[in-house]
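Visitor: A structural model of the following input is requested.
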Amino acid sequence: MAVRRPEACARRVVVEHVRPTVDCTDLPAKAAAGQPVRVSADVFADGHDLLVAWVRHGRPGSRQRVEVPMTAVGNDHWQALFTPPAVGPWEFEVVGMVDDYGTWLRDLRVRIAAGQDVAVEFEVGARLVEQRLDAGRRLREADRSALAKLVAALRDGSRSDADRLTEAARLPLVALMQRLADRQRATAAGPFPLFVDRELGVFSAWYEMFPRSEGAAGGRGGTFDTAAERLPAIAAMGFDIVYLPPIHPIGTTFRKGANNALEAAPSDPGSPWAIGSEAGGHTAVHPDLGGLDAFDRFVARARAVGLEVALDYALQTAPDHPWVREHPQWFKHRPDGTIRYAENPPKRYQDIYPIDFDTEDREALWDALRDVVLFWIDHGVSVFRVDNPHTKPIPFWQWLIASVREKHPEVVFLAEAFTRPRVMQRLAKVGFTQSYTYFTWRNARWEIEEYLRELSQSEMVDWFRPNFWPNTPDILHATLQYGGPAAFRLRLVLAALAAPSWGMYSGYELYENTPLREGSEEYLNSEKYQYRRRDWGRADSLAPLVTRVNDIRRRHRCAVGLLRTLHIHHADNESVLCFSRSDDARDDVLLVVLNLDPSSVRETTVWLDLGALGLQDNQYYEVHDELGGNTWVWHGAGNYVRLDPAVQPGHVFHVRPRP
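Guide: Prediction:
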């Protein structure tokens with residue numbers, strides 16, 4: 001076979017290891033409107049010529065492209081920032097080429113410094129400029145005039161070498177020569193896809209509530225109208241999203257009772273995740289909640305106070321769901337003809353039927369599941385928390401999310417997948433906007449630091465957006481069971497300031513911490529199976545601290561919302577965690593120092609990476625504690641802190657250089 005000959009070695013530049021990308025596939029990396037995207041790549045060539053590189057970006061299929069120059073940051077690695085302006089699909093390319101003018105200019109300086117005769121070199125430079133003039137392109141008159149004057153200056157033997165060098169090295173002329181270079185010799189890598197979410201997709205605070213518990217009395221649950229009375233207080237705490245577990249009719253067959261009892265009492269409401277009854281299925285609202293009109297009023301009330309409503313999207317049914325009668329082929333059947341209920345051996349969930357995604361009626365099933373999402377979008381919902389997505393086919397999620405985004409790019413999907421890392425990561429890659437994490441089970445300093453580095457400093461930052469929850473209706477970690485109020489304060493601050501998105505389940509602010517049994521992470525008297533009334537006016541409520549922390553997040557959203565700049569700093573005491581959050585320019589910097597021991601006072605010296613804080617060595621700087629209100633002046637890398645968990649969990653310092 002004949003070996004192809006390269007195109008006269010025209011494209012000498014190599015572009016590789018481009019980020020943000022997803023496994024070199026056509027899956028889009030993640031971005032957010034108004035937030036800078038950092039593009040990086042290795043750009044190099046043979047020899048010693050200088051290179052130029054830039055990023056081209058824009059809408060797929062559009063000829064309009066914006067070019068952003070890249071900067072070499074060492075070891076042939078280049079970076080650039082650009083900010084996508086709108087939600088939806090986006091793409092970018094990385095382009096690199098030899099910088100003939102820059103190389104000539106560099107060598108000219110060296111030759112002049114060595115005292116060499118450079119008359120010929122000035123002629124070489126003049127001819128490079130003439131090539132730009134004679135390239136046949138349309139030039140603006142100002143550019144043509146500037147180049148003509150440069151040619152004349154380079155050939156003006158009456159001027160000194162230093163004078164002509166100064167003229168040739170003027171930055172506007174250098175930039176003009178780079179811009180007008182022959183692009184046919186450039187190497188382009190890409191285009192690489194991005195999906196640009198709205199800000200809520202990358203920066204959000206979630207509050208989970210069971211509407212049936214708000215206003216519950218006398219063995220009867222509350223309604224959407226009574227639950228709406230709670231919305232102003234949730235908004236006042238600084239949350240962006242109020243998330244509701246399934247709101248649909250609940251089956252009666254094998255209904256679960258209090259504390260997951262196999263038999264329900266007549267007044268037990270059942271688990272909301274056992275979806276479907278004679279009153280309807282996934283597009284119906286439980287009659288006890290007031291029906292669809294009441295839900296619409298709830299959404300309108302939420303919007304009025306600045307909240308968005310998120311719904312649980314759980315792809316399973318109760319035995320009483322209409323689909324069981326209308327589409328029995330969508331479920332798995334035993335040899336005796338009965339439908340197989342959900343199992344996680346040895347656990348059995350007789351009140352739930354899993355959906356059979358291998359059904360021969362797959363196309364109709366997938367369309368029906370998509371139409372559920374579209375139905376709720378029509379009722380004002382654009383945020384969905386997806387229940388157990390790791391137990392459904394990953395190709396289904398890729399199809400569903402892409403299908404919804406074609407007309408509704410604003411929709412946010414949160415994956416509730418506490419499973420193996422590869423599966424969690426793949427779900428993020430195929431389109432989930434945000435993901436639950438292992439945060440709840442990371443409590444020692446070494447494991448928190450390791451996890452934060454993995455999420456912020458590896459390639460995961462390109463496509464995995466963590467959402468930190470200190471508790472959920474299913475997860476009450478031992479740290480909260482035994483750590484007392486100090487543990488609740490600590491985990492709250494850590495979740496809210498270590499991740500761009502965080503959430504908490506209602507009752508957290510009241511320190512609810514009683515497990516079903518010793519060694520269990522289930523709550524006693526779990527709200528999943530019964531109503532729960534709470535005294536939101538308790539004097540010891542965490543609500544004021546939640547409000548303060550969410551306010552810190554919002555005032556420093558450019559720092560907290562950018563995960564890739566998270567930096568771990570050292571503390572001598574193993575029970576003290578220290579990390580910083582900042583924007584790219586280090587104009588907004590937070591330094592978080594937390595005592596991870598909820599039972600003891602800890603003293604230590606923290607050793608700061610001053611460069612990560614935008615500071616110089618031996619510089620004096622102010623640290624203003626956003627939690628406690630005090631301000632100190634620090635100097636250098638090593639500084640002393642004393643943290644009493646009975647007073648506050650730590651410091652959240654706003655770092656400001658002193659004039």
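Visitor: pull the contacting residues for T166.
Guide: Neighbouring residues of T166 by Cβ atoms under 8 Å, 6 or more residues apart in numbering: there are none. Using the backbone N, CA and C atoms, a C-beta is placed for each residue, glycine as well.
Visitor: what about it, distance to K149?
Guide: T166 is 14 Å from K149, where distance means Cβ to Cβ, to the nearest Å.
Visitor: excluding chain neighbours, what is closest to the residue nearest to the spatial centre of the chain?
Guide: Most central in the chain under Cα atoms, centre = their mean is R465, positioned 3.1 Å from the mean C-alpha point. Using Cβ to Cβ, 6 or more residues apart in numbering and skipping residues adjacent in sequence, the residue nearest R465 is Q434, 4.6 Å away.
Visitor: spit out the contact partners of the one you found.
Guide: Contact partners of Q434, counting by Cβ under 8 Å, 6+ apart, are G201, S204, V412, F413, L414, A415, R465, P466, N467, S501.
Visitor: where does pLDDT dip in the stretch 101-250 of the chain?
Guide: Along the stretch 101-250 of the chain, segments meeting pLDDT under 70 span 136.
Visitor: thinking again about what came up before, how far away is the residue nearest to R465 from T565?
Guide: For Q434, the distance to T565 (Cβ to Cβ) stands at 19 Å.
Visitor: the residue nearest to R465 bridge partners, please.
Guide: L414 (DSSP bridges).
Visitor: state the distance from it to L292.
Guide: 27 Å.
Visitor: still on that earlier bit, distance of the residue nearest to R465 from P645?
Guide: Counting by Cβ to Cβ - Q434 and P645 are separated by 30 Å.
Visitor: for the stretch 151-300 of the chain, which segments count as strands?
Guide: Under the criterion DSSP state E, counting those that start in this stretch, the stretch 151-300 of the chain contains strands at 187-197, 204-208, 241-244.
Visitor: which parts of the host helix or strand of V633 are buried?
Guide: Assigned by DSSP states H and E, V633 belongs to strand 631-635. With burial defined by 16 or more other Cβ atoms under 10 Å, the residues of strand 631-635 counted as buried are W634.
Visitor: now do the SS call for the residue nearest to R564 when sequence neighbours are not counted.
Guide: Once flanking residues are discounted, R564 sits nearest to V461: 4.9 Å by Cβ to Cβ, 6+ apart. Using DSSP: H, G, I helix; E, B strand; the rest coil, the structure places V461 in helix.
Visitor: can you check L150 too?
Guide: Following three-state DSSP, L150 is assigned to helix.
Visitor: who are the contact partners of it?
Guide: Here L150 is in contact with V129, E167, A168, L173 (Cβ under 8 Å, 6+ apart).
Visitor: out of these, who's the most crowded?
Guide: The most crowded member of those, judged by other Cβ atoms under 10 Å, is V129 (25 neighbours).
Visitor: all helices for the stretch 201-350 of the chain, in order.
Guide: Assigned by DSSP state H, counting those that start in this stretch, the helices in the stretch 201-350 of the chain fall at 224-227, 231-236, 291-304, 322-326.
Visitor: I meant the stretch 401-550 of the chain, not that one.
Guide: Using DSSP H, counting those that start in this stretch, helices in the stretch 401-550 of the chain cover 421-429, 445-457, 478-498, 543-555.
Visitor: deepest in the core, which of the ones you listed is it.
Guide: helix 478-498 (a mean of 22; mean count of other Cβ atoms under 10 Å).
Visitor: so what secondary structure elements neighbour it?
Guide: Under the contact criterion of 3 or more Cβ pairs under 8 Å, 6 or more residues apart in numbering; DSSP states H and E, helix 478-498 touches helix 445-457, strand 466-468, strand 501-505, helix 543-555, strand 576-582, strand 589-595, strand 650-657.
Visitor: possible to save these as CSV with mean pLDDT?
Guide: Compiled in CSV, those are given as follows (pLDDT from 0 to 100):
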stretch, mean pLDDT
helix 445-457, 98
strand 466-468, 98
strand 501-505, 98
helix 543-555, 98
strand 576-582, 98
strand 589-595, 98
strand 650-657, 97
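Visitor: including distance to L610, could the ones you listed go into JSON lines?
Guide: Output for the helices and strands packed on helix 478-498, formatted as JSON lines (distance: least, Cβ to Cβ, whole Å):
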{"stretch": "helix 445-457", "distance to L610": "19"}
{"stretch": "strand 466-468", "distance to L610": "27"}
{"stretch": "strand 501-505", "distance to L610": "28"}
{"stretch": "helix 543-555", "distance to L610": "22"}
{"stretch": "strand 576-582", "distance to L610": "10"}
{"stretch": "strand 589-595", "distance to L610": "11"}
{"stretch": "strand 650-657", "distance to L610": "10"}
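Visitor: among these, which is nearest S40?
Guide: Nearest to S40, of all these, is helix 445-457, at 12.8 Å by Cβ to Cβ.
Visitor: tell me the angle the closest one makes with helix 478-498.
Guide: Angle, helix 445-457 to helix 478-498, by axes from the mean of the first three to the mean of the last three Cα atoms, to 10 degrees: 30 degrees.
Visitor: what's the angle between helix 445-457 and strand 576-582?
Guide: 10 degrees.
Visitor: can I get helix 445-457 as PDB, trimmed to CA atoms?
Guide: Taking C-alpha atoms only, helix 445-457 is exported to PDB below (Å, rounded to 0.1, in the frame of the first residue of the first chain):
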ATOM      1  CA  ARG A 445      -9.800  15.000  56.900                       C
ATOM      2  CA  TRP A 446      -7.800  12.800  54.700                       C
ATOM      3  CA  GLU A 447     -10.800  11.400  52.900                       C
ATOM      4  CA  ILE A 448     -12.500  14.800  52.500                       C
ATOM      5  CA  GLU A 449      -9.300  16.300  51.100                       C
ATOM      6  CA  GLU A 450      -8.900  13.300  48.700                       C
ATOM      7  CA  TYR A 451     -12.500  13.600  47.500                       C
ATOM      8  CA  LEU A 452     -12.300  17.400  47.000                       C
ATOM      9  CA  ARG A 453      -9.200  17.000  45.000                       C
ATOM     10  CA  GLU A 454     -10.700  14.300  42.800                       C
ATOM     11  CA  LEU A 455     -13.800  16.400  42.100                       C
ATOM     12  CA  SER A 456     -12.000  19.700  41.500                       C
ATOM     13  CA  GLN A 457      -8.600  18.900  40.100                       C
END
